[in-house]
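K.L.:
following is a predicted model, sequence given first.
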Amino acid sequence: DAGVIQSPRHEVTEMGQEVTLRCKPISGHDYLFWYRQTMMRGLELLIYFNNNVPIDDSGMPEDRFSAKMPNASFSTLKIQPSEPRDSAVYFCASSLGRTFSYEQYFGPGTRLTVT
Amino acid sequence: GNSVTQMEGPVTLSEEAFLTINCTYTATGYPSLFWYVQYPGEGLQLLLKATKADDKGSNKGFEATYRKETTSFHLEKGSVQVSDSAVYFCALLPGAGNMLTFGGGTRLMVKP
């Protein structure tokens, strides 16, 4: 099993540019989570999906952020336009839901730097 | 609401020392409790879990007991190794819902 796959691993962009982060969850998992990690705020849940449907997006900071899950094997997190304060490590995680011990499997993260 | 409070780090220990990282929580109902570990440059990995009061989770020499009376889930290891150096996160999953609430993380540094 390849685990949760995220791309790119590193992204450097200029303020105002659009940024798209990608995630491939573990095959068969029905939940997908997007997190952001910074020194100041720690680990924050941005949004999560169940069976490709967004369930809770209350953690999305503002309208500049959007997330989609067009199918069970792919999700994107888009920031448009990006700002320096968006610099963080973004993690995607997937799980098999409550029935199977709730364990979330995290990807390696995308380190985003907005200059 | 739900919250998790961890001791602030960094925690610096010598190899073979005893480790305790404190974690307390606030939650309604009967949450499940977790410890995740993040090694440098990697995502979080589940270390251990407990789903009901008095359960003890254990893995790789680490242990934590779900104490409902003190709303705590402290992480312990009898003899740490340099390879245990990482950031440790305590988390809870409420009885209803699928959103983990994480503590702020505690960095552990083990020196040879």
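P.N.:
That came through, no problem. Keep in mind it's a predicted model, so treat the numbers as computed, not measured.
K.L.:
so where do the strands sit in chain B?
P.N.:
B:3-6, B:11-14, B:19-21, B:23-26, B:32-38, B:44-50, B:56-59, B:62-65, B:75-77, B:86-93, B:101-102, B:106-111 (DSSP state E).
K.L.:
show me which positions of the first one end up buried.
P.N.:
Pointing back at strand B:3-6 there. Going by neighbour count (16 or more other C-beta atoms under 10 Å in any protein chain shown), the buried part of strand B:3-6 is B:V4, B:Q6. Glycine gets a C-beta too; all of them are placed from N, C-alpha and C.
K.L.:
does any part of it sit near chain A?
P.N.:
No. Residues of strand B:3-6 are not located near chain A by C-beta under 8 Å from any C-beta of the partner chain, the shortest gap being 9.8 Å.
K.L.:
next, the contact list for the closest residue to chain A within chain B, please.
P.N.:
Among the residues of chain B, B:G43 lies closest to chain A, at 3.3 Å counting by C-beta to the nearest C-beta. Listed by C-beta atoms under 8 Å, 6 or more residues apart in numbering or on different chains, the contact set of B:G43 reads A:V4, A:F91, A:A93, A:F106, A:G107, A:P108, A:G109.
K.L.:
quick check, nearest of the residues you listed to chain B?
P.N.:
Scanning these for proximity to chain B, where the rule is C-beta to the nearest C-beta, the winner is A:F106, at 3.3 Å.
K.L.:
quick revisit: who's the closest residue to the residue of chain B closest to chain A other than its chain neighbours bridged to?
P.N.:
In space, and not counting its chain neighbours, B:G43 is closest to A:F106: 3.3 Å by C-beta to C-beta, 6 or more residues apart in numbering or on different chains. A:F106 has the following beta-bridge partners by DSSP bridges: A:A93.
K.L.:
quick check: A:N51 vs chain B, distance?
P.N.:
Remark: distance between A:N51 and chain B (C-beta to the nearest C-beta, to the nearest Å) = 12 Å.
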